[in-house]
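Student: Got a sequence here, can you build the structure:
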Amino acid sequence: MKRTALVTGAAHGLGAMAARRLAAAAWDVVAVDVDELGLAKTAQRSPNTHTRVCDVTDPDAVAQVLAMAGTVHRVVHTASVTPTGPVLAQPLGEVEDALRTNVLGTVNVVRATLPGMLERRAGELFLCPDASGPPQSPSAAAVAAYTDALWAEHGGRGVKLRCVHAQAGTPHGLVLDAMDRSLARPAPDLHVRVRPARRPLLAALARR
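Tutor: Purely as a prediction, here's the structure:
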């Protein structure tokens, strides 16, 4: 059976590693980002990775990607941005951009993918609001609350929903490992909290 994964923010960082790991595990990967060159690097030597330039803040663009992808079995949503500097000093335009990308972008991806999963009573949906910033950021907190609201309305209908919180400096490999392990936890255990490895050897292995 063909398994399809949608990975957002797949041009760099956690999203890029998630896309490569899923492709290596024989998933059919749809990798999306606004960075076309970064997507091309992610998809190198992965014939089962299909790239699409997509701004997750545009619901129509997200819907077009899903129409192309067909049935999606796993979503790894890492597309995010973070304003620079202390909270009170962040330029208003950067704050608005972060809220639009991190919160409304998440809403767009969920609305495009979750209804189909609920209808099939199967699927895995990972929301990673910390991919580009600290887990205490306002937008990350909003996504965490959104995850709780989704579960309150749709929990127990076969979809595995997880919100991933990673401390700054945590190797991406450790985050992905924690995400995979979380699938074996009880369904209402929504939040995956990942801390950097204490031992340097584990951190080095996770980067491979």
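Student: From here on, just use CA atoms for contacts and neighbour counts.
Tutor: OK.
Student: What strand or helix carries A142?
Tutor: Here A142, judged by DSSP states H and E, is contained in helix 138-154.
Student: Give me the sheet partners of the next helix or strand after that helix and which way each runs.
Tutor: Where DSSP H and E defines the elements, the next helix or strand beyond helix 138-154 is strand 159-166. Strand pairing for strand 159-166, determined by DSSP bridges: strand 123-127 (parallel), strand 191-194 (parallel).
Student: ranking those by mean pLDDT, which is last?
Tutor: Among the strands paired with strand 159-166, strand 191-194 carries the lowest mean pLDDT, at a mean of 94.
Student: tell me how far it is from the chain's mean position?
Tutor: Mean-position distance between strand 191-194 and its chain equals 13 Å (CA atoms, centre = their mean, to the nearest Å).
Student: List every C-alpha atom in it, with coordinates, as PDB.
Tutor: Below are the C-alpha coordinates for strand 191-194, written out as PDB (Å, rounded to 0.1, in the frame of the first residue of the first chain):
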ATOM      1  CA  HIS A 191       2.200  17.200  23.300                       C
ATOM      2  CA  VAL A 192       5.600  15.900  22.500                       C
ATOM      3  CA  ARG A 193       8.300  17.700  24.500                       C
ATOM      4  CA  VAL A 194      11.900  17.200  23.300                       C
END
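Student: Go through it and flag the buried ones.
Tutor: Within strand 191-194, the residues that count as buried by 16 or more other CA atoms under 10 Å are 191-192, 194.
Student: returning to what we had before: quick one: residues in contact with the helix holding A142.
Tutor: Residues from elsewhere that reach helix 138-154, judged by CA atoms under 8 Å, 6 or more residues apart in numbering: 98-99, 102-103, 106, 118, 127, 129-130, 135, 161-163, 188, 190-191.
Student: Which positions within it qualify as buried?
Tutor: Residues 138-141, 143-144, 146-148, 151 are the ones in helix 138-154 that count as buried (16+ other CA under 10 Å).
Student: Switch the residues you listed over to TSV; also include distance to V53 and pLDDT.
Tutor: Listed next are those as TSV, based on distance: CA to CA, whole Å; pLDDT from 0 to 100:
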residue	distance to V53	pLDDT
P138	27	87
S139	23	90
A140	24	91
A141	27	92
V143	23	96
A144	26	96
Y146	26	98
T147	26	98
D148	29	98
W151	30	98
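Student: pull the helix or strand with minimum mean pLDDT from this structure.
Tutor: When each helix and strand of the chain is scored by mean pLDDT, DSSP states H and E, helix 200-206 comes last, with a mean of 50.
Student: could you list every residue that touches L183?
Tutor: K160.
Student: Mind pulling up the pLDDT for it?
Tutor: Per-residue pLDDT puts L183 at 96.
Student: about what we covered before: among the contacts of helix 138-154, which one has the lowest pLDDT?
Tutor: Among those, P135 has the weakest pLDDT, 65.
Student: returning to that earlier point: now render the strands paired with strand 159-166 as a markdown table, adding distance to N48.
Tutor: Listed next are the strands paired with strand 159-166 as a markdown table, based on distance: least, CA to CA, whole Å:
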| stretch | distance to N48 |
| --- | --- |
| strand 123-127 | 19 |
| strand 191-194 | 28 |
